[in-house]
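Chemist: Structure for this input, please:
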Amino acid sequence: MKKNSLFIFVLISSILSAQIVDEYPFENVYELCGEESIELNTPEGYDVIFWYELPFFPEGNPLIHTTGTLTVDINSVWADVDYIAWEGTDGTSLFYDTIQIAYLDFPVAQIDIENYSNDRITMCVTDEDVTLNATTQNSTDTYEWFLNGISTGITTSQINVLQTEYNLNDENYYYVEVTNTCGTEQSEEVSVTINECNCEFIIPNVFTPDEDGVNDLFPEGDIERTLETNINCSATKYLLRVYDRIGRTVYKSEGYNQPWNGKRRKSNTDCKEGVYFYRLEFILNEFTNQNKIKVKSGAVSIFRED
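Modeler: Below is the predicted model:
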C-alpha cells in the first residue's frame with residue numbers, strides 16, 4: 001500500500017511540475033499550469049543569442065539572458081515580464097521572435113449560494129428563486145452545470161434552480177464542472193428540495209355518478225402528474241365516510257384514496273339523488289410541509305341524468 005501511495009504522490013508531483021520543451025520558431029503564447037515550467041531552446045549552430053524583456057528599459061536593470069536555453073516558471077524572475085523577446089543569428093541571417101507566457105491556476109470548482117449559508121436547501125416552488133454561483137480563480141474558466149447527474153446544458157457562471165428541470169417534491173442535486181487549459185474539476189453537490197406548498201384540497205359540492213366518465217366520483221382523487229401539470233396540489237391521501245340525511249353510513253372507504261361512486265357500500269345499488277353528508281380525513285401532500293392529517297366535512301349533492 002505504501003508503494004502505491006508513493007507512486008501516486010510521484011505521479012501527481014510530476015503532473016504539477018511538468019516541463020514544456022519548445023524550440024524556435026516559438027508559439028505566440030504559452031499557458032503554464034500551476035508549477036509547470038517551460039524550456040525555450042535555440043537550435044544548434046546559432047552564435048549570438050539574446051533573451052530580453054519587453055518593454056525594454058536599459059536604465060531599469062533589464063532582464064537579459066545570453067545562452068541557448070531559457071527556462072521559465074511562476075517563480076522565475078521572468079514571470080512578471082509582459083513579453084520575452086529573442087534574437088539569434090546563424091552567422092548569416094538574423095532571427096527575432098516574441099513570446100508571451102500566461103500563468104493559470106488549476107480550476108477550483110465551488111458553489112456559492114445567494115442568501116444561504118449551507119449546501120442543503122428546502123424551499124417552496126412559489127418562493128423566490130435560488131441562484132447558484134460558480135466561484136473560480138481564472139477569467140478563462142468555462143462552466144457546465146449538472147442536475148441529478150445529467151447536464152443541464154447551462155454554461156454560464158450561475159444558474160437559477162427554478163429555471164431548471166427539477167424534480168418536484170424531491171431532493172435535487174446540483175454541481176458544476178469548471179474547465180480551463182489545466183483541466184477540469186467538479187464541485188461538491190448542493191441539495192435543493194423543491195416542494196409544492198400552500199395548496200388547497202378543493203372538494204366539489206356536486207357530482208354526477210352516471211358513468212359517462214365525467215365527474216363520476218367524489219372526490220375525484222389523485223390527478224396524474226404530467227410534464228404539463230407538474231404542480232399537482234391534489235396529490236393527496238384521504239379516508240372518506242358518507243352519511244344520508246338520517247345519519248346512516250352510506251359509504252366508507254376501506255383504504256386511502258378510494259372515492260365514492262354514488263352507490264351504497266353493502267348493496268352496491270345507486271343512491272338516490274339528493275344531499276349527503278361527508279367527513280374527509282386527508283393529507284394534502286405527503287411530501288410537503290402540509291403533511292399533517294386534516295379533516296373536512298360538509299354536504300355533497302348527487303344528480304343523475306335521465
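
Chemist: use CA for all of it now, contacts and neighbours both
Modeler: Will do.

Chemist: In three-state terms, label residue 144 for me.
Modeler: Classification of residue 144 into helix, strand or coil gives strand, according to DSSP: H, G, I helix; E, B strand; the rest coil.

Chemist: ok, and the closest non-adjacent residue to it?
Modeler: In space, and not counting its chain neighbours, residue 144 is closest to residue 155: 4.7 Å by Cα to Cα, 6 or more residues apart in numbering.

Chemist: how much space between residue 95 and residue 49?
Modeler: Per Cα to Cα, to the nearest Å, residue 95 is found 10 Å from residue 49.

Chemist: list the residues that contact both of those two?
Modeler: Both residue 95 and residue 49 are in contact with 87-89, where contact means Cα atoms under 8 Å, 6 or more residues apart in numbering.

Chemist: which of these has the most neighbours?
Modeler: Neighbour counts for the shared contacts of residue 95 and residue 49, by other Cα atoms under 10 Å, peak at residue 88, which reaches 21 neighbours.

Chemist: who's it bridged to?
Modeler: With DSSP bridges applied, the residues forming beta bridges to residue 88 are residue 49, residue 95.

Chemist: Go ahead and confirm it touches residue 44.
Modeler: No. Proximity of residue 88 to residue 44 does not meet the contact threshold set by Cα atoms under 8 Å, at 10.8 Å.

Chemist: This structure: helices as residue ranges?
Modeler: Listed from the start of the chain, the chain has helices (DSSP state H) covering 2-16.

Chemist: re the thing from before, out of the shared contacts of residue 95 and residue 49, who's nearest residue 184?
Modeler: residue 87 (37.1 Å; Cα to Cα).

Chemist: Quick check: closest non-adjacent residue to the closest one.
Modeler: Nearest residue to residue 87 in three dimensions, chain neighbours excluded: residue 96, at 4.6 Å (Cα to Cα, 6+ apart).

Chemist: Who are the contact partners of that neighbour?
Modeler: 85-88.

Chemist: quick one on the thing from earlier: have a look at residue 95 and residue 49 and say which one is more surrounded.
Modeler: A side-by-side neighbour count of residue 95 and residue 49, using other Cα under 10 Å, places residue 49 first with 19 against 14.

Chemist: So for this protein, the centremost residue is which one?
Modeler: Centroid-nearest residue in the chain, with Cα atoms, centre = their mean: residue 174, separated by 2.9 Å.

Chemist: hang on, it packs against residue 189?
Modeler: Yes. Shown here, residue 174 and residue 189 form a contact pair, counting by Cα under 8 Å, at 5.4 Å.

Chemist: Please tell me how far the closest residue to residue 160 other than its chain neighbours sits from residue 154.
Modeler: Closest residue in space to residue 160, ignoring its immediate chain neighbours: residue 131 at 4.5 Å, by Cα to Cα, 6+ apart. Residue 131 sits 13 Å away from residue 154, going by Cα to Cα.
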